[in-house]
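[1] this one's sequence-less:
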DNA sequence: TATTGTTATACTCTATAACTATA
DNA sequence: TATAGTTATAGAGTATAACAATA
C-alpha cells in the first residue's frame, strides 16, 4: 500500500498543514484554534452550553472547561448558570470577544481565499460535500 | 461567519474523526497512527532516513526519534548508520514489521472501503485531487 | 562550519475518573 | 439516580534548544 493513496492519510496530511498555518495567523491575536472556534461559534449563536461548544470547537470538554476559564479571565466570554436548567452553564461572548471576532474573521477569509483561489468552484463544492458526508459516516459508525 | 462553511474547519473536523477511528483499529495491534505510517512507508520503500520518515509519518523528528527506539526494542525496525553518509541513520523494517503490515493493511483497506462505499467514484477522485492541491498550496505558502 | 539525529525541558491537549452542583 | 460541568492526574505529542556524531 502506498500511504499517499490512502484516503484518511491524505486528509490528515492536509488538515495538519492547515491547522499549523491557521494557528500561526491566530497567534498574532493570542488565540489558539480552539479559542477562536469558540468565539466564532458564540458570535454566530450566543449563549451555548459548554457541551455544545466542546462539539463545535472540536475540543475535549475537560480541556475546554479550563480554556473557557482562561477566556473569561481575559474578558472574552462570560459563563452563567443556565435558566431554567441550572445544571448547564451557558457561555456568552463579550463586547471584547466580538471585537476579536471582527478583527480575525477577515484574516481567516483572506487565508481561505488564498488557499482556494486556484481551485475550480465546482470541484470545491464537490469536495465540501464529500468531506461532510465522510464526517457523517465516521460519526455514524464510530468504529 | 458560520464555522461549518469554513473550509479549514471542515477538513479538520473530518480529519479528527478519521484519526480517532483509525487509532482505535490500530490499538488492537499495539500501534499508534505514527508507528503504523512508519511501517507502511518502510514496507513500500525500506531504508529511509529518520528525517524522511518524519515527513511521511507526519511526526516531529524529536517524537519520531523516540518512537523509533521504541519500535526497535519491539523488533519492528532496525536503525543503522547510513553509508556512505554516516551522518544519517537509515531505518529498516524487520520480518516482524512486515508481518504487522500484512495484518494491518487489510484492516485499513476495509476501513477505507466502509468509509467510502457511498461516495461516487468521480466525486472521490475530484476530492483526492483537491486535497492534494490544497496540501501543495499550504506547503508552498507556509504562512 | 553544516548536516543529521538525540536528548532535555516545558508546554499543550487528551483520556480517565473522581468530584460538585443541580434536577 | 441522572445530567452538566469541574478538577486531578497521568500520558502522548510538540516546540525549542542544547548536545553529539559525522562530514
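    Happy to help now that I have it. This is a predicted model, so every value here is computed, not measured.

[2] could you pull out the helices in chain A for me?
    Counting by DSSP state H, the segments of chain A that form helices are A:7-27, A:33-44, A:50-57, A:61-73, A:95-116, A:121-141.

[3] for DNA strand C, give me its nearest residue in chain A.
    In chain A, the residue that lies nearest DNA strand C is residue A:86 (3.0 Å; C-beta to the nearest atom of the strand). Quick note: C-beta positions are derived from backbone N, CA and C, even for glycine.

[4] report the contact partners of the residue in chain A that chain B sits nearest to.
    Relative to chain B, the nearest point of chain A is residue A:15 (3.4 Å; C-beta to the nearest C-beta). Residues in contact with residue A:15 (C-beta atoms under 8 Å, 6 or more residues apart in numbering or on different chains) are B:11-12, B:14-16.

[5] wouldn't residue A:11 be in contact with residue B:17 here?
    No. At 9.7 Å, residue A:11 does not count as touching residue B:17 under the criterion of C-beta atoms under 8 Å.

[6] distance of the residue nearest to residue A:1 when sequence neighbours are not counted relative to residue B:121?
    Distances taken as C-beta to C-beta, 6 or more residues apart in numbering or on different chains put residue B:105 closest to residue A:1, at 5.1 Å, once the chain neighbours are dropped. Distance, residue B:105 to residue B:121, using C-beta to C-beta, to the nearest Å: 21 Å.

[7] could you do residue A:132 as well?
    With distances taken as C-beta to C-beta, residue A:132 is found 18 Å from residue B:121.

[8] looking at those two, which is more packed in?
    Shown here are residue A:132 and residue B:121; by other C-beta atoms under 10 Å in any protein chain shown, residue A:132 has more neighbours (14 against 8).

[9] is the more buried one in contact with residue B:9, as I believe?
    No. If you go by C-beta under 8 Å, residue A:132 and residue B:9 don't touch, sitting 11.2 Å apart.

[10] in contact with the closest residue to residue A:138 other than its chain neighbours, which residues?
    Leaving aside its chain neighbours, residue A:138 sits nearest to residue B:17 (3.9 Å; criterion: C-beta to C-beta, 6+ apart). Shown in contact with residue B:17 (C-beta under 8 Å, 6+ apart): A:135, A:138-139.

[11] among the residues you listed, name the buried ones.
    A:135, A:138 (16 or more other C-beta atoms under 10 Å in any protein chain shown).

[12] which of the contacts of residue B:17 sits closest to residue A:126?
    Relative to residue A:126, the closest of the contacts of residue B:17 is residue A:135; by C-beta to C-beta it sits at 15.0 Å.

[13] dead centre of chain A: give me the residue that sits there.
    residue A:37 (3.4 Å; C-alpha atoms, centre = their mean).

[14] once you drop chain neighbours, what's closest to that one?
    residue A:57 (4.1 Å).

[15] for residue A:133, same thing?
    Nearest to residue A:133 is residue B:119, by C-beta to C-beta, 6+ apart, at 6.5 Å.

[16] repeat for residue A:26
    residue A:36 (5.2 Å).

[17] spit out the contact partners of that neighbour.
    Counted by C-beta under 8 Å, 6+ apart, residue A:36 has contacts A:26, A:29, A:104.

[18] next one: the first one from residue A:107, what distance?
    Which is residue A:26. 8 Å.

[19] out of these two, which sits in the busier spot?
    Between residue A:26 and residue A:107, counted using other C-beta under 10 Å, residue A:26 has the larger neighbour count: 21 against 14.

[20] residues near residue A:47, how many?
    12.

[21] I misspoke; the intended subject was residue A:27.
    Look at residue A:27: counted by other C-beta under 10 Å, it has 11 neighbours.

[22] residue A:62 now?
    9.

[23] could you report the pLDDT at it?
    Listed pLDDT for residue A:62 reads 94.

[24] before we move on, what about residue A:142?
    The predicted local confidence for residue A:142 is 66.

[25] swap in residue A:84?
    Confidence at residue A:84, expressed as pLDDT, is 85.

[26] show the contacting residues for residue A:92.
    Taking C-beta under 8 Å, 6+ apart, one finds A:42, A:46-47, A:77-80 in contact with residue A:92.

[27] returning to that earlier point: contacting residues around the residue nearest to residue A:37?
    When contacts are counted by C-beta under 8 Å, 6+ apart, residue A:57 is found next to A:34, A:37-38, A:41, A:64.
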